[in-house]
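Asks: please work out how this folds:
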Amino acid sequence: MIIIISFAVFASSLACAKSAGNTKPFTIPELKEWFGGVGSFSITKDTRIVLRNNTKELERIGYQLSQDYVAMFGTNLKIIVGRKAREGDIFLDIRNDKHLGEEGYRIFIRKVLSVEAQNARGLFWATRTLLQLCETCRGKLPCGKAIDIPDYSLRGLMLDCGRKFFPISYLRNLVKVMAYYKMNTLHLHLNDNGFKECFNNDWNQTYSAFRLESEIYPGLAAKDGFYTKKQFVKLQELADSVGVEIIPEIDIPGHSLCFVHYKPEIGSKEYGLENLDLFKPETYQFLDALFGEYLQGPDPVFRGPRVHIGTDEYPNAKQAIVEKFRYFTDYYTRFVEGFGKQACVWGALDIKKGTTPVKSENVVLSAWYNGYADPFESIKKGYKLISIPDEQVYIVPGTVPGFYSDYLDIRKLYLQWTPSIIGKAVFPERTLGILGGMFAVWTDYVGNGITVKDIHYRIMPALQTLSTKMWDGKRVSLSFNTFDTLRTILSEAPGVNELCRIGDKRSIVLNCDTLMAGRQFNCEGIGFSYTISFHIAGASEKLGTVLFSSDCGTFYLTDPISGMMGYARDGDLFKFRYKIMPGENADIRIEGTSRTIRLFVNGKLVDDMNVYPVYYKHFKSGQWSYKMVNMNRTMFFPLQQTGMFKSYISNFKVYNYIPI
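Replies: Below is the predicted model of the structure:
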């Protein structure tokens, strides 16, 4: 006899295994303290969310928990205010308990599930834990007591929106994902430019972008994607409601080609046009007005307590430019502080030593490379550090060997890293000068075919792993293999499925005897790895005939240019070396992974859209060489809307895996 147990059920039983006293249930981050009881607590349709009183914060969090529970499990939990909780209820309370701090909380799981915190953010984090417990324990929560307090107050992600545009809808979902894993800071890098050598070594042709609407500088915002002020404010309001701070960054005076393209006279002719000329008054006039547009007034665009001013990787060939850079950094640090914000900078001054004073007390420093800013000395100077060491936590999607990581080594990070480790500098855990940690996604290779979905596919395992290490530090109790198995049980966030996961085990997730034209499906698409198979009896189709489309992209039976089978996403069109002819009968199979899309016709491999290299001339140290960039051609397969095709398509199947 062969017994088959679904992976999700097996993993769930592992996550909530029982002993004489219930063992610690699985959550991300891991619960700091757990005191196991006996028995379990079930949430049913009769369970109520009982609020101790009708304060605005309690009502907001109770409503969020109710809405999220509906989104995840389909049951509407009634909210009651100021009543005594009865058996089977969830009781929420904010009470004075300095031991819990800003983000800590307690959960008591008995006949009543009681949650208490000193602050709204701590209580909200507790509701994320409850939702995760409902996922990992299949609605039967083990009785016991949890006390959960983070080791580090700042836990986040830096996202390079300058070189790659991320739609506001994605950023809103990303904020929700971060909140589900108690990651409380999203640093948005709003401007940057590509490598000059990838654009014929011509600054005027080199891609650059600024992603925020500007009314004082019409046309400054990138034409291929930007955020309106209203959208950016709404994003910050959403983030604030789920405990996430947005740190906006305008990166100056390097990485500033977008400003030079807009106003050429402020560019440095001596050091390259991606660098601003620090000796020109026009540079300061331009930037004062730009920062002022987002900082001034009673209702500013930048809502949070912190603003990042960049200040990384500027030339230091002469002492005069070093001194001017120091002056510039001090000037914009104080400029931002003048609007009541805490200034944030990239570590850069250890290779720019000089006599010009630069304010460091109570300035937040992104400690990314110790050769540019020694972490020990930075703390002595009064900086507050964010641990974001490049060799350990930088993702550059689609990168080439030797230039950071395409995917983070989550095993090594889980076993060895905490925010107290900044490169080779190791501090005692919870050192006061270290606020916490971040990981970074840098989209350095402009136009390399990497999509937003590809990037999110890289973000999720890193975010789950690092949220654990930023909350718990060294105090993780599970083996990496167990953690890596169990983390896949959890959703991205209530109502969020950017990974386009369908089904909790290997299965056929869509099966149509006949695929009809013009049909809607309640599904954006399917993520890696997948298989699509169908039989087609070809008809005469016009150019651009669509098989399926969604926000993931468009899959064509006949592409718009040559009539080949192909697909498009993020502005790129790819064509297979295959055309369906009228009257032809064929069995089609499409396999998609994080590296390729393969097309099989009648069982034979016809085309493989794998990663391929492109070489650019690169000038360095007085000589020319070649630099390689990997081009990516992957796609989540769209499944939302069928096109208006004439061909007869039968036996259409979608698998959430690739059969051997």
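
Asks: could you confirm residue 460 falls within a helix?
Replies: Yes: applying DSSP: H, G, I helix; E, B strand; the rest coil, one finds residue 460 inside a helix.

Asks: which ones are touching it?
Replies: Listed by CB atoms under 8 Å, 6 or more residues apart in numbering, the contact partners of residue 460 are 177, 492, 499. Glycine gets a C-beta too; all of them are placed from N, C-alpha and C.

Asks: mind checking pLDDT for the first one?
Replies: Note for residue 177: predicted pLDDT of 98.

Asks: who's in contact with the helix or strand hosting it?
Replies: Here residue 177, judged by DSSP states H and E, is contained in helix 168-180. Helix 168-180 is contacted by residues 124, 128, 131-132, 156-157, 159, 166, 184, 186, 188, 227, 231, 235, 238-239, 242-244, 246, 452, 456, 459-460, 463, 490-496, 498 when judged by CB under 8 Å, 6+ apart.

Asks: let's see it at 6 Å
Replies: Residues outside helix 168-180 that contact it (CB atoms under 6 Å, 6 or more residues apart in numbering): 128, 227, 231, 235, 238-239, 242-244, 452, 492-493, 496, 498.

Asks: I'd like to know which of these are part of helices.
Replies: Secondary structure from DSSP state H places 128, 231, 235, 238-239, 452 of the contacts of helix 168-180 in helices.

Asks: quick one, strands of the stretch 351-500 of the chain?
Replies: Ranges of strands in the stretch 351-500 of the chain, per DSSP state E, counting those that start in this stretch, are 364-367, 384-387, 394-395, 421-422, 425-426, 434-441.

Asks: doesn't residue 565 make contact with residue 576?
Replies: Yes: judged on CB atoms under 6 Å, residue 576 makes contact with residue 565 at a distance of 4.8 Å.

Asks: between the two, which one's more packed in?
Replies: The neighbour comparison of residue 576 against residue 565 (other CB atoms under 10 Å) goes to residue 565, with 24 against 20.

Asks: contacts only, for the more buried one.
Replies: For residue 565, the contact set (CB under 6 Å, 6+ apart) comprises 576, 578.

Asks: I'd like the distance between it and residue 137.
Replies: 45 Å (CB to CB, to the nearest Å).

Asks: what of residue 338?
Replies: Here residue 338 is placed at a distance of 51 Å from residue 137 (CB to CB).

Asks: higher neighbour count, the two?
Replies: Neighbour count, other CB under 10 Å: between residue 338 and residue 137, residue 137 has more, with 22 against 13.

Asks: mind checking how far that one is from residue 615?
Replies: Applying CB to CB, the value for residue 137 to residue 615 is 52 Å.

Asks: again with residue 390
Replies: For residue 390, the distance to residue 615 equals 25 Å [CB to CB].

Asks: the spatially most distant residue from the centre of the chain is in what secondary structure piece?
Replies: Most distant from the centre of the chain: residue 583, at 46.3 Å, with distances by CA atoms, centre = their mean. For residue 583, there is no enclosing helix or strand under DSSP H and E.

Asks: now it. Nearest residue, chain neighbours left out?
Replies: Once flanking residues are discounted, residue 583 sits nearest to residue 538: 6.2 Å by CB to CB, 6 or more residues apart in numbering.

Asks: what's in contact with stretch 644-656?
Replies: When contacts are defined by CB under 6 Å, 6+ apart, stretch 644-656 is touched by residues 502-503, 508-512, 514-515, 517-518, 526, 531-539, 541, 545, 557.

Asks: let me see the mean pLDDT of that stretch.
Replies: pLDDT averaged over stretch 644-656 gives 98.

Asks: brilliant, that's me finished.
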